[in-house]
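> Got a predicted model here, sequence first, then my questions.
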Amino acid sequence: MMEQVFQVELPEWEPKEPSQEGREKGSIRQVDNIGVNLIVRLGKKEMPVGDIAELSIGDVLEVEKKPGHKVEIFLDEKKVGIGEAILMDENFGIVISEID
């Protein structure tokens, strides 16, 4: 059995520019009210499990950061910037110095 081959002409395809209305509907503003975790990491410390098991209330964990050092800012697990911890009344605040 022989295969038949047909020649087909397709019309020219011209992509359409999205309308302004379409751009508004796809706007990032639609997600403005979704909550995400913004995390500021002051420092980290590696410790043996045995030492961790012996920790009690009042113990101090010393981290590698010193006062005035920069802290990392994360959006969930992704680093998004760097800042500096400051004291604001009775709370800490972060002054953003870099945004990735």
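Nice, I can see it.

> CA only for contacts and neighbour counts going forward, please
OK.

> How about stretch 90-100, which residues are buried there?
Of all the residues in stretch 90-100, those buried under the rule 16 or more other Cα atoms under 10 Å are residue 94.

> what's it in contact with?
79-87 (Cα atoms under 8 Å, 6 or more residues apart in numbering).

> doesn't residue 72 fall inside a strand?
Yes - residue assignment for residue 72, taken from DSSP: H, G, I helix; E, B strand; the rest coil, places it within a strand.

> What sits closest to it if chain neighbours are left out?
Using Cα to Cα, 6 or more residues apart in numbering and skipping the chain neighbours, the partner closest in space to residue 72 is residue 82 (4.7 Å).

> Let me see the contact set for that neighbour.
Contacts of residue 82 (Cα under 8 Å, 6+ apart): 70-73, 96-99.

> Could I get the phi/psi values of it?
Residue 82 has phi and psi values of phi -130, psi 140 when expressed as degrees, to the nearest 10.

> so how far is residue 70 from it?
Relative to residue 70, residue 82 is positioned 6 Å away (Cα to Cα, to the nearest Å).
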